[in-house]
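**Q** Dropping a prediction and its sequence here:
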Amino acid sequence: MQMNFEDKCGVTVCKVTGDIDINSSPDMKKSFEKIFKEKKNKVAIDLSYVGYVDSSGLATIVEILKNVRLYGGKLKLAGLSDKVRGLFEITKLDKLFDISDTIEKATASF
């Protein structure tokens, strides 16, 4: 898994490439520590290039959401494949997260 962070119109965008699973989840958590320390209040995760998320990956994404909300920030997800979106729907996490079709829509909706 690879992650790239960039600022798009005041929104911190994290583009994730690869699977989010038990092997990559710890790296994802660690990568977001800087975001939490800087208290970035507009964060979007682009999952367009993620083909698979396991239970530890879901837990990591929920933990990121909780940490961003601790200081009043907002987190949005974008670009979920049908498979990943189905996982969010089955686990009812689609009700917890603000999910957009594209990263452009996600960043524009803050």
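**A** Here it is on my side, so go on.

**Q** element containing the closest residue to residue 9 other than its chain neighbours, please.
**A** Using CB to CB, 6 or more residues apart in numbering and skipping the chain neighbours, the partner closest in space to residue 9 is residue 107 (6.1 Å). (C-beta placed from N, C-alpha, C; glycine too.) For residue 107, the host element (DSSP states H and E) is helix 103-108.

**Q** Could I get the average pLDDT for that helix?
**A** In this model, helix 103-108 carries a mean pLDDT of 97.

**Q** just stretch 30-40 next, same as before
**A** pLDDT averaged over stretch 30-40 gives 96.

**Q** quick revisit: I'd say the residue nearest to residue 9 and residue 13 touch.
**A** Yes. In this structure residue 107 lies within contact range of residue 13 using CB atoms under 8 Å: 6.6 Å.

**Q** list the residues that contact both of the two?
**A** Contact criterion CB atoms under 8 Å, 6 or more residues apart in numbering; residues shared by residue 107 and residue 13: residue 44.

**Q** how about low-confidence regions in the chain?
**A** Within the chain, not a single segment meets pLDDT under 70.

**Q** can you give me the strands in it?
**A** 2-8, 11-17, 42-49, 74-78, 98-100 (DSSP state E).

**Q** TSV for the ones you listed, including distance to residue 60?
**A** Converted to TSV, these look like this (distance: least, CB to CB, whole Å):
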stretch	distance to residue 60
strand 2-8	12
strand 11-17	11
strand 42-49	11
strand 74-78	12
strand 98-100	16
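
**Q** okay, the helix holding residue 107 in PDB with CA atoms only?
**A** In PDB, the C-alpha atoms belonging to helix 103-108 read as follows (Å, rounded to 0.1, in the frame of the first residue of the first chain):
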ATOM      1  CA  ILE A 103     -12.400  13.000  -4.700                       C
ATOM      2  CA  GLU A 104     -13.400  16.200  -6.500                       C
ATOM      3  CA  LYS A 105     -17.000  16.000  -5.100                       C
ATOM      4  CA  ALA A 106     -15.600  15.200  -1.700                       C
ATOM      5  CA  THR A 107     -13.300  18.200  -1.500                       C
ATOM      6  CA  ALA A 108     -16.000  20.500  -3.000                       C
END
